[in-house]
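1. Return a 3D structure for these sequence lines:
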Amino acid sequence: MNAAEINSGSENRNETMRDTGWFFTSVNPKIVLKTNGIDEKFSNGNHYSLNGEITIKGITKSIAVPFNYLGEKVTSWGTKVYTFEGEATINRNDFGIGKPNLEFLGDEARIEFTVESSIKIQ
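-> Next up, the predicted model:
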C-alpha cells in the first residue's frame with residue numbers, strides 16, 4: 001500500500017501524517033504485508049488466519065489477520081471472482097506513528113478490508 005496515499009479527508013492532516021512523526025513517507029513510502037501462510041482457524045466468527053509480517057515506517061512486526069471466504073461468482077464476461085473479508089488490529093505505537101497516549105487519538109487502529117480476486121475462465 002502506498003502510505004503517501006492515505007487519505008484522512010483533510011489535506012492538512014494528510015500532510016501531517018506524511019511527516020517524520022507519523023508515517024515518514026519520504027523515507028518509508030510503502031506499508032507492506034508479507035504472508036507466511038494461511039491456516040484454517042475458527043475464531044470469533046472467522047474461518048481463516050493469514051499469518052505474516054507487516055512493515056510500517058520501516059518497522060516489521062508479526063501479524064495474524066483473521067478473515068472469511070465469502071464465495072465466488074462468474075461475471076457475464078466469463079471472469080470468476082472470489083471475495084474475502086476480515087479485519088486486524090494494530091497498535092500505532094509499535095510502529096512509532098505519532099506520540100504515545102495522545103488525547104485525540106487512540107493507540108489501536110482497526111483495519112477492515114474486503115478483497116476481490118478474479119481469474120479469467122478460458
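2. how about low-confidence regions in the protein?
-> Low-confidence segments of the chain, defined by pLDDT under 70: 121-122.
3. so Ala119 bridges to which residues?
-> Careful, residue 119 is Ile; it's not Ala. Each beta-bridge partner of Ile119 is listed here, defined by DSSP bridges: Lys80.
4. Please verify my assumption that it contacts Gly78.
-> No - using CB atoms under 8 Å, Ile119 and Gly78 do not qualify as a contacting pair, with a distance of 10.1 Å. Using the backbone N, CA and C atoms, a C-beta is placed for each residue, glycine as well.
5. does Thr55 count as helix, strand or coil?
-> Judged by DSSP: H, G, I helix; E, B strand; the rest coil, the three-state class of Thr55 is strand.
6. ok, it - how many residues close by?
-> Counted with other CB atoms under 10 Å, the burial measure for Thr55 works out to 15 neighbours.
7. what sits against it?
-> Shown here is Thr55, whose contacts under the criterion CB atoms under 8 Å, 6 or more residues apart in numbering are Lys30, Ile31, Val32, Leu33, Lys34.
8. try it again with 7 Å
-> Contact criterion CB atoms under 7 Å, 6 or more residues apart in numbering gives Ile31, Val32 as the residues in contact with Thr55.
9. Could you list the buried residues of stretch 94-105?
-> Along stretch 94-105, the positions that meet the burial threshold by neighbour count (16 or more other CB atoms under 10 Å) are Phe95, Gly96, Ile97, Gly98.
10. Can you flag which of these belong to strands?
-> Taking DSSP state E as the definition of strands, these contribute nothing to them.
11. can you give me the helices in the chain?
-> In order along the chain, the chain carries the following helices (DSSP state H): 11-18.
12. and the nearest residue to Gly86 once chain neighbours are set aside, how far is that from Asp39?
-> The spatial neighbour of Gly86 that comes closest, neighbours along the chain excluded (CB to CB, 6 or more residues apart in numbering), is Phe67 at 2.8 Å. Using CB to CB, to the nearest Å, one obtains 11 Å as the distance from Phe67 to Asp39.
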